[in-house]
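Trainee: Below are the sequence and a predicted model; questions follow.
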Amino acid sequence: MVTLTDIKEVLGIDTGDNSQDHYLQNLIRRASFRISSACNRQLEYSELIEYFNGNNSDKLYLKNWPVWEIVQLQEFNPETGDYEELINRAGDTVKNSVYIYEGSNGGLIRLLKNYTFGNSLLYLDSSETDHCIRIKYKAGYKNIKGAGTICGSAGTSEISGDETLFETELRIGDRLVTGNFEYTVGEILSDIVLNLSCNLDRTILKESYRVCNVPADLAEAVLMLAAGSYLLKKYEAYGMDQKTESVSAALYNKIKGVADSSSLSPNVKMRFKEFDLGLVIEVYRKINV
């Protein structure tokens, strides 16, 4: 959700100092997990499996979003006692038979070509009644290393790639991060060509890059919790290192207090002071599961 560079910048640790990288990375993972748990969904990009009752409808809300890909869609067959492919007509695939909604309809998918998500009443004599639909899918916010390398000329918006996977890894509106520069994707033409939403102010020549679509407030939540946990450990205060600690107002208020009394820069202290973790959890919390 955030990078080692991000947390080092907040904590005032030199980017060339790798002595604590493993510990800092663990704090980032732990913060991401605890915020995901508080939001009742998986926020970080991963492959997931969910089971559902059949609703005899062509629409279904998945628990996690943004949804990137439906990998497998199966329906339980009580006669064989096994899961079988729901999309099963000649020429039909999951890719051409399932529509994934974006934007405000987080987690919503729709079956096309008159397919439906079955009917749980058909499985009353089966132990699988409560989960007759099995869906494997990829979802969550990305902050990952992109495949291949990219090039682009100053004064133009076109980015060309070498061994890149733009169509798979990116969506319009995602951020393409290279070095200390960040650009918004405006149009994806192929796996190796895309247009940015603005012209480049410098030339890019075979550079590696990151794909990022993590909302700023969510990234800040992970960063503040991870960095704050580091400060709690440093000042020997009770914090997230305790396995039973939850993401609570008491914990975050303690982090703010320790940050305010630390040697961090005034701007960083203000970030801790102004940030509202509870509001972020409220915004991203999945309720209708």
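Mentor: Received, thanks.
Trainee: switch to C-alpha atoms for all contacts and neighbour counts from now on
Mentor: OK.
Trainee: low pLDDT regions in the stretch 1-150 of the chain?
Mentor: Along the stretch 1-150 of the chain, the parts satisfying pLDDT under 70 run over 119-131.
Trainee: Would you map the strands across it?
Mentor: Per DSSP state E, counting those that start in this stretch, the stretch 1-150 of the chain carries strands over the ranges 46-52, 59-61, 67-77, 82-85, 98-100, 108-111, 133-139, 143-145, 149-152.
Trainee: can I get those in a markdown table with mean neighbour count and distance to G16?
Mentor: Formatted as a markdown table, the strands of the stretch 1-150 of the chain follow (neighbours: other CA atoms under 10 Å; distance: least, CA to CA, whole Å):
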| stretch | mean neighbour count | distance to G16 |
| --- | --- | --- |
| strand 46-52 | 15 | 30 |
| strand 59-61 | 16 | 44 |
| strand 67-77 | 19 | 35 |
| strand 82-85 | 15 | 51 |
| strand 98-100 | 18 | 42 |
| strand 108-111 | 19 | 43 |
| strand 133-139 | 20 | 33 |
| strand 143-145 | 17 | 20 |
| strand 149-152 | 19 | 23 |
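Trainee: nearest to S229, of those?
Mentor: Set against S229 and scored by CA to CA, the strands of the stretch 1-150 of the chain come closest in strand 143-145, at 21.2 Å.
Trainee: Check the offset of the closest one from the chain's centre.
Mentor: Averaging C-alpha positions (CA atoms, centre = their mean, to the nearest Å) puts strand 143-145 10 Å from its chain's average.
Trainee: same for that strand, what does it pack against?
Mentor: strand 210-212 (3 or more CA pairs under 8 Å, 6 or more residues apart in numbering; DSSP states H and E).
Trainee: The strand it packs on packs against which elements?
Mentor: Going by 3+ CA pairs under 8 Å, 6+ apart, strand 210-212 lies up against strand 143-145, strand 175-178.
Trainee: Tabulate those strands (TSV), appending distance to C132.
Mentor: Converted to TSV, the helices and strands packed on strand 210-212 look like this (distance: least, CA to CA, whole Å):
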stretch	distance to C132
strand 143-145	33
strand 175-178	38
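Trainee: mind giving me JSON lines with the strands of the stretch 1-150 of the chain and columns for distance to D17?
Mentor: Shown next, in JSON lines, are the strands of the stretch 1-150 of the chain (distance: least, CA to CA, whole Å):
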{"stretch": "strand 46-52", "distance to D17": "29"}
{"stretch": "strand 59-61", "distance to D17": "44"}
{"stretch": "strand 67-77", "distance to D17": "35"}
{"stretch": "strand 82-85", "distance to D17": "51"}
{"stretch": "strand 98-100", "distance to D17": "43"}
{"stretch": "strand 108-111", "distance to D17": "44"}
{"stretch": "strand 133-139", "distance to D17": "33"}
{"stretch": "strand 143-145", "distance to D17": "21"}
{"stretch": "strand 149-152", "distance to D17": "26"}
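Trainee: Looking at the helices and strands packed on strand 210-212, which is nearest to S104?
Mentor: That would be strand 175-178 among these, by CA to CA, at 18.8 Å.
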